[in-house]
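J.: Requesting a structural model of the entry that follows:
(one chain, ligands or ions: 1)
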Amino acid sequence: MPGLPALFDLSGRVAVVTGGGGALGRVAAGALAEAGASVAVVDLSEAAAAKVAAGLTEAGAAAAIGVGADLSSEEAVEGAFAAIEAAFGRIDILVNAISAAIDRHGPEEFPLQTWDAMLASNLTSYFLCSRAAAQRMIPAGRGGSIVNFGSIAGSNVLGRGGLAYGVAKGGVAQLTKETAYAWAPHGIRVNAVLPCQFVNDWWRGNLADPASTRPPGPLPRARSARPGSTPPSSRR
Ligand SMILES: NC(=O)c1ccc[n+]([C@@H]2O[C@H](COP(=O)([O-])OP(=O)(O)OC[C@H]3O[C@@H](n4cnc5c(N)ncnc54)[C@H](O)[C@@H]3O)[C@@H](O)[C@H]2O)c1
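T.: Residues are numbered from 1 along each chain as shown. Prediction:
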């Protein structure tokens, strides 16, 4: 049986991290590069994607590129995946880690335009990128792995007015199960992680507003974690 380092060795594999310019996507991209994968960092902010990719290259990644794209658009997703395939020749791993800033309204007054935009960014993008990845993984016949960032907001009511975000994350959970079932025969594993509360730029801006951070109850340690930090429970 191979040792643990060999089991986690991703040399020769190509990983795509969407939302890779963000707090958690950046950490995922770094971990994949550290394990030996070539990494494509994709983000709405081309500058953020390029900065993360440059950091990975500087830290000794096999290869890294930054791609700017609005992944809620079918055309942009196709363009980004075609560019990544052209650069690296294959795609083995997809991490979906997009998040659009949460717009808060009560359900009875939630604007349709906001609803549509939130679902497009936080759910449709996951579908489009998963589909684009599977369309390449299946014919290649090497299997693959897709990891979707869901949220506890997709299975719990946090009481913060984030209706469309929570509904989108509930959709991410079901998308994960549907695609895991459909693509298992092709050796493609699809899993989701459901983070609790991590500090990112958007959340940092919220900390001053008690209405948007309430309630601390659902957070097991009643405080936010920091991306890349050791989980609190393992520090006991
Ligand atoms: N931070 C948390 O506490 C937390 C908790 C639960 C779940 N999550 C989930 O984890 C994932 C990562 O969260 P994060 O904290 O790193 O978020 P973040 O806001 O730091 O980063 C999200 C990134 O997604 C990008 N993005 C937004 N819309 C896009 C689009 N249409 N096309 C391409 N890129 C787009 C943004 O530019 C940003 O860089 C998200 O799916 C989020 O919903 C985060």
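
J.: Can you show me the helices along the protein?
T.: Along the chain, the segments classed as helices by DSSP state H run 4-7, 23-34, 46-58, 74-88, 112-119, 125-140, 163-183, 201-206, 210-213.

J.: need these in a markdown table with mean pLDDT, can you?
T.: Output for the helices of the chain, formatted as a markdown table (pLDDT from 0 to 100):
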| stretch | mean pLDDT |
| --- | --- |
| helix 4-7 | 81 |
| helix 23-34 | 97 |
| helix 46-58 | 98 |
| helix 74-88 | 98 |
| helix 112-119 | 96 |
| helix 125-140 | 98 |
| helix 163-183 | 97 |
| helix 201-206 | 75 |
| helix 210-213 | 60 |
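
J.: was I right about residue 85 contacting residue 79?
T.: No: under the criterion of Cβ atoms under 8 Å, residue 85 makes no contact with residue 79, lying 10.9 Å away. Using the backbone N, CA and C atoms, a C-beta is placed for each residue, glycine as well.

J.: which one of these two has more residues nearby?
T.: residue 85 (16 against 13; other Cβ atoms under 10 Å).

J.: what sits against the more buried one?
T.: By Cβ atoms under 8 Å, 6 or more residues apart in numbering, the residues touching residue 85 are 91, 136.

J.: how near is it to residue 161?
T.: 40 Å (Cβ to Cβ, to the nearest Å).

J.: cool, and residue 48?
T.: Residue 48 is 27 Å from residue 161, by Cβ to Cβ.

J.: Please list the residues of this structure that sit near the ligand.
T.: With the criterion set to Cβ under 6 Å from any ligand atom, the chain comes near the ligand through 19, 21-25, 43-45, 48, 70-72, 97-100, 121, 125, 149, 151, 195, 197-198, 200-203.

J.: out of the helices of the chain, deepest packed?
T.: Ranked by mean neighbour count, the helices of the chain are led by helix 23-34 with a mean of 23 (mean count of other Cβ atoms under 10 Å).

J.: That one vs helix 46-58, what angle?
T.: 30 degrees (axes from the mean of the first three to the mean of the last three Cα atoms, to 10 degrees).

J.: Check what contacts helix 23-34 and list those residues.
T.: Helix 23-34 has contacts (Cβ under 8 Å, 6+ apart) with 10, 15, 17-20, 39, 41, 43, 52, 55-56, 59-62, 64, 93, 95, 97-98, 147, 149, 195, 198-201, 227-228.

J.: With stretch 42-53 instead?
T.: Applying Cβ under 8 Å, 6+ apart, the contact partners of stretch 42-53 are 16-22, 25-26, 29, 39-41, 64-71, 80, 84, 98.

J.: Quick one, which of those residues are buried?
T.: Buried members of the contacts of stretch 42-53, counted by 16 or more other Cβ atoms under 10 Å: 16-22, 25-26, 29, 39-41, 64-69, 71, 80, 84, 98.

J.: quick one, phi/psi of the residue nearest to the spatial centre of the chain?
T.: Residue closest to the mean C-alpha point of the chain, counted by Cα atoms, centre = their mean, is residue 97 at 1.2 Å. Backbone torsions for residue 97, taken as degrees, to the nearest 10, come to phi -130, psi 30.

J.: Kindly report the same for residue 103.
T.: phi -100, psi 130.

J.: Any chance you could list what contacts stretch 100-116?
T.: Everything outside stretch 100-116 that qualifies as a contact, by Cβ under 8 Å, 6+ apart, is 117, 118, 121, 122, 160, 161, 162, 163, 164, 165, 202, 212.
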